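Participant: Could you look at this predicted model? Sequence included:
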Amino acid sequence: MTARALTPTAQQRRARVLLHEVFGLDRLRAGQKAVINRVLAGQPTLATMPTGAGKSLCYQLPALLLPGLTLVVSPLIALMQDQCQDLQAKGVRAVQLNSAIGGEATREAEAAIAQGEARIVMVTPERLAEPAFLALLDGRPVSLLVVDEAHCISQWGHDFRPAFLEIGPAVRALGKPTVLALTATANEDVARDIREQLAIPASGVVHTGTYRPNLDLRVDTVAREADKLERALALVRREPGAGLVYCATIKAAEQVHAALAAADESVGLYHGRLPAGERSAVQDAFMEGRCRVMVATNAFGLGIDKPDIRFVLHYQVPAGLEAYYQEAGRAGRDGEPSLCTLLFLRADRAVQQFFMAGRYPTGEDAQAIYAALAQPSPEGSLWTLPLLQSRLARPRAKVQVALGVLRRHRVVALQGHDVHLLQPGLEPDALDGLMRGYAGKRELDREGLERMVSYALAGQCRWKLLLDHLEGEAPFERCGHCDNCRRIAAHEKVMDTLAQAAPAGAAPASAEAAPGAGAAHAHAAFQRGDVVRVPRYGRGLVEAADALQVTVAFPDGSRRSFQPDFVAPWRGRGKAAALQARAAATAGGLSAPA
């Protein structure tokens with residue numbers, strides 16, 4: 001009897017049996033149940049679930065109930081291998097196809113698919129795009145197509161990967177199976193893009209919440225690079241348990257790793273330029289507990305399933321809040337209290353700006369690639385991605401993304417490693433038009449970095465800032481357990497104590513009089529309409545201020561809240577200059593009292 005022949009009641013009964021017998025669980029979480037019910041009903045779904053919420057079970061359990069095979073597309077070969085081995089140990093016939101397995105293993109997996117023995121097939125997006133693989137599936141009904149780390153399918157996703165653009169066409173080629181997209185983070189723009197590419201209706205979004213109360217969010221602002229390294233060493237020494245230290249550059253990762261190793265810490269190093277065998281060995285050592293601390297670039301961690309990471313330290317500012325949430329969220333997957341700290345040095349912002357400059361192709365890049373493909377290869381063979389990159393002296397990422405766009409518009413075709421030109425004679429304006437969307441992407445990236453910096457400088461609840469961005473609105477004003485919430489609560493406690501101690505009829509104590517209220521005392525006298533200066537943001541007008549935070553409105557119409565330490569009175573030359581500055585700010589759409 002197939003799953004489609006079962007009544008809903010019988011299907012639910014069978015699901016409970018499999019949940020216990022195969023996966024050793026007695027019940028589903030609320031979010032898992034909602035997603036699984038939609039999948040079994042054949043409804044396309046985008047599930048946004050935080051790290052540690054059990055996303056993989058949302059397709060593994062339905063895969064045992066659906067009549068056809070379940071195809072899982074994942075960018076993470078290491079995670080794919082772990083999940084495949086785990087399923088096989090549970091008695092589930094799962095196979096994988098990726099570049100990490102040998103020829104014999106590939107032939108065995110393909111035979112299992114062709115003979116109908118495979119229940120779950122795990123592949124990379126690059127493999128899914130190959131005509132030979134789609135031909136292998138011909139005649140084998142696919143009931144469910146799962147897109148893991150689905151934010152990668154969006155051109156607005158921070159982990160953009162061109163091969164993901166081929167998943168939409170593959171859905172149609174596979175006979176339009178039920179689609180399940182899974183991700184931990186997807187803001188409104190990314191979610192809309194995922195839905196459009198995979199034909200998921202707005203009603204098909206299941207969001208189980210982003211908030212994780214066991215994560216303690218903190219920002220430690222430093223003035224110099226030397227201070228940052230000292231703080232990092234102190235935090236790693238102080239915090240017990242396993243930890244991750246994320247760096248934006250390989251150079252910084254090597255520096256931090258060397259300093260921790262010199263301090264006799266149990267530490268490993270992971271970045272994309274290390275040999276594959278070395279990366280695999282150090283990852284295994286960390287996952288198995290033989291290495292306590294991993295220092296890494298963002299090449300490490302996507303899909304890492306280590307539940308007992310007790311702290312995540314960001315040594316340099318990430319590109320945006322989505323990336324920060326993904327990386328910080330690798331802490332505390334077991335639900336136990338864990339620390340997430342960002343060391344913020346203003347100069348680190350320039351690192352991310354440098355990365356942005358080399359990330360996205362322009363019309364000029366597309367024209368250069370097109371012109372090269374219109375000519376014979378200098379080596380007498382067909383053009384390949386490495387050959388184009390070397391001959392054009394452009395970053396690999398730019399060439400790869402540009403080729404992905406040209407392929408989507410049927411300008412070029414990729415067969416294996418070879419690149420073929422399909423549309424000769426295109427005008428430069430046409431190529432410019434194809435790349436125009438990335439001007440918007442670059443602007444969104446700049447805005448994302450600004451939000452990340454604002455998060456670091458903010459004086460309000462850090463979880464509220466994250467949730468406002470990721471979910472549209474936080475369900476609370478204060479989480480009560482981030483560094484800013486603790487600071488605000490401590491100040492309020494001092495003020496309450498002073499108020500209770502004051503004689504009847506006495507005026508309330510001022511913020512300046514409160515002992516222990518911190519560096520904010522010097523700024524408690526800010527008044528609405530004061531002209532102030534904020535580093536990097538420039539001049540603005542104070543809209544509201546107290547000893548805990550200052551809200552400043554800027555000429556571009558934006559309004560931001562800062563810890564008082566980051567705000568200084570504007571020191572203009574005389575009254576006339578101050579009035580001129582106020583008039584300039586007001587002309588930008590701000591209002592200031594007389």
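Facilitator: Yes, it's here. Numbers count the residues shown, from 1 in each chain.

Participant: tell me the domain boundaries of the chain?
Facilitator: 3-207, 215-349+458-471, 358-435, 483-587 (automatic domain parsing).

Participant: For the ones you listed, give me CSV that also has mean pLDDT and mean neighbour count.
Facilitator: In short, each C-beta sits where N, CA and C put it, glycine included. As requested, the domains of the chain are arranged in CSV below (pLDDT from 0 to 100; neighbours: other Cβ atoms under 10 Å):
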stretch, mean pLDDT, mean neighbour count
domain 3-207, 85, 18
domain 215-349+458-471, 92, 19
domain 358-435, 84, 16
domain 483-587, 69, 16
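
Participant: Can you redo those as a markdown table, where the extra columns are distance to Arg446?
Facilitator: Output for the domains of the chain, formatted as a markdown table (distance: least, Cβ to Cβ, whole Å):
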| stretch | distance to Arg446 |
| --- | --- |
| domain 3-207 | 13 |
| domain 215-349+458-471 | 10 |
| domain 358-435 | 11 |
| domain 483-587 | 13 |
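
Participant: So which of those domains is nearest Glu447?
Facilitator: When the domains of the chain are compared by Cβ to Cβ, domain 215-349+458-471 sits nearest Glu447, at 8.5 Å.

Participant: The helix ranked longest in the chain: what's the following helix or strand?
Facilitator: Longest helix of the chain, by residue count under DSSP state H: helix 437-457. Next helix or strand after helix 437-457 toward the C-terminus (DSSP states H and E): helix 462-471.

Participant: Remind me what the very next helix or strand once past that next one packs against, helices and strands.
Facilitator: As assigned by DSSP H and E, the chain's next helix or strand after helix 462-471 is helix 483-501. On a contact count with 3 or more Cβ pairs under 8 Å, 6 or more residues apart in numbering; DSSP states H and E, helix 483-501 meets strand 215-221, helix 462-471.

Participant: which residues are contacting the last one?
Facilitator: Outside of helix 462-471, the residues that reach it under the criterion Cβ atoms under 8 Å, 6 or more residues apart in numbering are 185, 187, 207, 209-211, 217-219, 321-322, 324-325, 451, 454-455, 458, 473-479, 482-485.

Participant: any idea how far the longest helix of the chain is from the chain center?
Facilitator: 13 Å (Cα atoms, centre = their mean, to the nearest Å).

Participant: Next, the angle from that helix to strand 215-221.
Facilitator: Put simply, helix 437-457 runs at 90 degrees to strand 215-221, going by axes from the mean of the first three to the mean of the last three Cα atoms, to 10 degrees.

Participant: Tell me the buried residues in helix 437-457?
Facilitator: By 16 or more other Cβ atoms under 10 Å, the buried positions in helix 437-457 come out as 438, 441, 444-445, 448-457.

Participant: packing partners for that helix?
Facilitator: strand 215-221, helix 321-328, strand 338-344, helix 349-357, helix 462-471, strand 559-562.

Participant: Tyr315: which of these is closest?
Facilitator: Across the helices and strands packed on helix 437-457, Tyr315 has its closest neighbour in strand 338-344 (5.7 Å, Cβ to Cβ).

Participant: Which elements pack onto the closest one?
Facilitator: When contacts are defined as 3+ Cβ pairs under 8 Å, 6+ apart, strand 338-344 sits against strand 215-221, helix 225-238, strand 309-314, helix 437-457.

Participant: can I get the CA coordinates of the next helix or strand after the second one in PDB?
Facilitator: Taking DSSP H and E as the definition, the helix or strand that follows helix 225-238 towards the C-terminus is strand 242-246. The C-alpha coordinates for strand 242-246 follow below in PDB (Å, rounded to 0.1, in the frame of the first residue of the first chain):
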ATOM      1  CA  ALA A 242      33.800  24.100  22.600                       C
ATOM      2  CA  GLY A 243      34.000  27.300  20.700                       C
ATOM      3  CA  LEU A 244      34.100  28.900  17.200                       C
ATOM      4  CA  VAL A 245      36.100  32.000  16.300                       C
ATOM      5  CA  TYR A 246      35.100  33.500  13.000                       C
END
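
Participant: how far is strand 242-246 from where the chain is centred?
Facilitator: On Cα atoms, centre = their mean, the centre of strand 242-246 falls 17 Å from the chain's centre.

Participant: how distant is the very next helix or strand once past that strand from the center of its chain?
Facilitator: Toward the C-terminus, strand 242-246 is succeeded by helix 250-262 as the next helix or strand (DSSP H and E). In terms of Cα atoms, centre = their mean, the centre of helix 250-262 is found 24 Å from the chain centre.

Participant: residues making contact with the helix or strand that helix 250-262 is followed by?
Facilitator: Moving toward the C-terminus from helix 250-262, the next helix or strand (DSSP H and E) is strand 267-270. With Cβ under 8 Å, 6+ apart as the test, strand 267-270 has contacts from 253-254, 257, 260-261, 279, 282-283, 285-286, 291-297, 299-300.

Participant: Run the chain-centre distance for strand 267-270.
Facilitator: With Cα atoms, centre = their mean as the basis, strand 267-270 stands 21 Å off its chain's centre.

Participant: who touches the following helix or strand past that strand?
Facilitator: Under the assignment DSSP H and E, the closest C-terminal helix or strand after strand 267-270 is helix 276-287. The contact list for helix 276-287, computed with Cβ under 8 Å, 6+ apart, reads Ala78, Ala242, Gly268, Leu269, Tyr270, Leu274, Cys291, Met294, Phe300, Ile304, Lys306.

Participant: farthest pair in the residues you listed?
Facilitator: Spatially, the most separated pair among those is Ala242 and Leu274, at 20.1 Å (Cβ to Cβ).

Participant: Helix or strand: which one has Asp82?
Facilitator: Assigned by DSSP H and E, Asp82 belongs to helix 77-89.

Participant: Extract the C-alpha trace of the following helix or strand past that helix and format it as CSV.
Facilitator: Downstream of helix 77-89, the first helix or strand assigned by DSSP H and E is strand 94-97. Presented in CSV, the C-alpha positions along strand 94-97 are these (Å, rounded to 0.1, in the frame of the first residue of the first chain):
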residue,chain,number,x,y,z
ALA,A,94,20.0,6.6,1.0
VAL,A,95,22.6,7.4,-1.6
GLN,A,96,24.7,10.4,-2.4
LEU,A,97,26.3,11.8,-5.6
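
Participant: Mind putting the helices and strands packed on strand 338-344 into JSON lines with distance to Pro535?
Facilitator: Formatted as JSON lines, the helices and strands packed on strand 338-344 follow (distance: least, Cβ to Cβ, whole Å):
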{"stretch": "strand 215-221", "distance to Pro535": "11"}
{"stretch": "helix 225-238", "distance to Pro535": "17"}
{"stretch": "strand 309-314", "distance to Pro535": "20"}
{"stretch": "helix 437-457", "distance to Pro535": "9"}
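
Participant: Which of the ones you listed sits closest to Pro424?
Facilitator: Closest among these, using Cβ to Cβ: helix 437-457, at 23.5 Å.

Participant: and the angle from the closest one to helix 349-357?
Facilitator: Angle of helix 437-457 versus helix 349-357, following the same axes, to 10 degrees, is 160 degrees.

Participant: per-residue confidence averaged over helix 437-457?
Facilitator: For helix 437-457, mean pLDDT rounds to 83.

Participant: that older thread, go through the helices and strands packed on helix 483-501 and name the closest to Arg192.
Facilitator: That would be helix 462-471 among the helices and strands packed on helix 483-501, by Cβ to Cβ, at 14.3 Å.

Participant: Closest one of the buried residues of helix 437-457 to Arg533?
Facilitator: Leu457 (13.4 Å).

Participant: Which residues lie in contact with the closest one in this structure?
Facilitator: The contact partners of Leu457, by Cβ under 8 Å, 6+ apart, come to Phe344, Val534, Arg560, Phe562, Gln563, Phe566.
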